[in-house]
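In: got a predicted model here, sequence first, then my questions.
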Amino acid sequence: MSPSAAFGQVTFPDGVASGDVTQTRAIVWTRVAGLTSPQQIKVEGWTNSSLSGPKAFKGKFKPTAARDWTVKVDVTGLKPGTQYWYQFKKDNDLAPVGTFKTPAAANSASNVEFTYSGDSDAFKVGGVNPFNDWETLSAAQGEDGDFFVYLGDTIYSDSSNRPGGPATTLNDYRDAYKLQRTYSNLTNLLKSTSTYALMDDHEIQNDYDGQTVDPARYAAAARRSSRTTPSVRPGCRTTRRARATRSTAR
């Protein structure tokens, strides 16, 4: 049996996110740091922001170094038209609280409000982003939308500001996504609502062509995107997730 991480050793440096939310299910995501061996990371959900009373769902996942310690849990048994709050934990080490709303029942009329944006170049010059600090995402959070659509170019793996040139390896793409999550305007938005993230070209390389792109480079980029995106991609062999269950445990 692997020894358990000491209290305070495990952190959640990339925040939390949710996605692919339907009337009855959702994907919740995080990444942990501080583990040296696979250990269970738990997630629990409630229908109130105080995280009190009976749990609406709970789940667990054992991340590995091969996954860069990312956690993705498929939550099922949810109710339509309901807001949920969730939190990952490793023993007493807690992640930030995230929230998402399930859509109304299919036979119910309901207004839908959502926000969208894209094109997030996280690379800095002299410690400063030459474009902006993604204030648009802070404004999107303030709109309190039912969900957020991340319209591609969620990273610029080939940014002209990237030291060493364009990303080409799995570790290069991992680092690009980790840098992206250092922007609080993004992580605050992702924990405040569910996200539908789309891939464009800069997740791989500018204006790439499926017929000519280097297969190893494409595979590395797609693998990292799958690990970092809170979504289910049917048929994608790089997607592995745990399943959560409804619970009335306290």
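Out: Arrived safely. Numbers count the residues shown, from 1 in each chain.
In: just give me the longest strand of this structure.
Out: strand 83-90 (DSSP state E).
In: gap between that one and the chain center?
Out: With Cα atoms, centre = their mean, to the nearest Å as the basis, strand 83-90 stands 13 Å off its chain's centre.
In: quick check: end-to-end length of stretch 126-135?
Out: 20 Å (Cα to Cα, to the nearest Å).
In: contacts for that stretch next, please.
Out: Residues outside stretch 126-135 that contact it (Cβ atoms under 8 Å, 6 or more residues apart in numbering): 120-124, 161, 183, 185-186. Yep, even glycine has a C-beta here, placed from its N, CA and C like the rest.
In: let's go with 7 Å and repeat that
Out: Contact with stretch 126-135 is made by 120-121, 161, 183, 185-186, as judged by Cβ atoms under 7 Å, 6 or more residues apart in numbering.
In: circling back: what is the longest strand of the chain packed up against?
Out: strand 41-46, strand 98-101 (3 or more Cβ pairs under 7 Å, 6 or more residues apart in numbering; DSSP states H and E).
In: if we go to 10 Å?
Out: If you count contacts as 3 or more Cβ pairs under 10 Å, 6 or more residues apart in numbering; DSSP states H and E, strand 83-90 packs onto strand 16-19, strand 26-31, strand 41-46, strand 57-61, strand 70-75, strand 98-101.
In: name the helices or strands packed onto the helix or strand following that strand?
Out: Using DSSP states H and E, the helix or strand that follows strand 83-90 in sequence is strand 93-94. Counting contacts by 3+ Cβ pairs under 10 Å, 6+ apart, strand 93-94 is packed against no other helix or strand.
In: one step back: which of the contacts of stretch 126-135 sit farthest apart?
Out: Spatially, the most separated pair among the contacts of stretch 126-135 is Asn161 and Asn185, at 18.2 Å (Cβ to Cβ).
In: the two: who's more crowded?
Out: Neighbour count, other Cβ atoms under 10 Å: between Asn161 and Asn185, Asn185 has more, with 18 against 13.
In: tell me, how many residues neighbour Pro215?
Out: Pro215 has 7 nearby residues by other Cβ under 10 Å.
In: pLDDT wise, what is it at?
Out: Pro215 carries a pLDDT score of 95 in this model.
In: dihedrals phi and psi, it?
Out: Dihedral angles of Pro215 (phi, psi; degrees, to the nearest 10) stand at phi -60, psi -40.
In: distance of it from Tyr173?
Out: Remark: distance between Pro215 and Tyr173 (Cβ to Cβ, to the nearest Å) = 15 Å.
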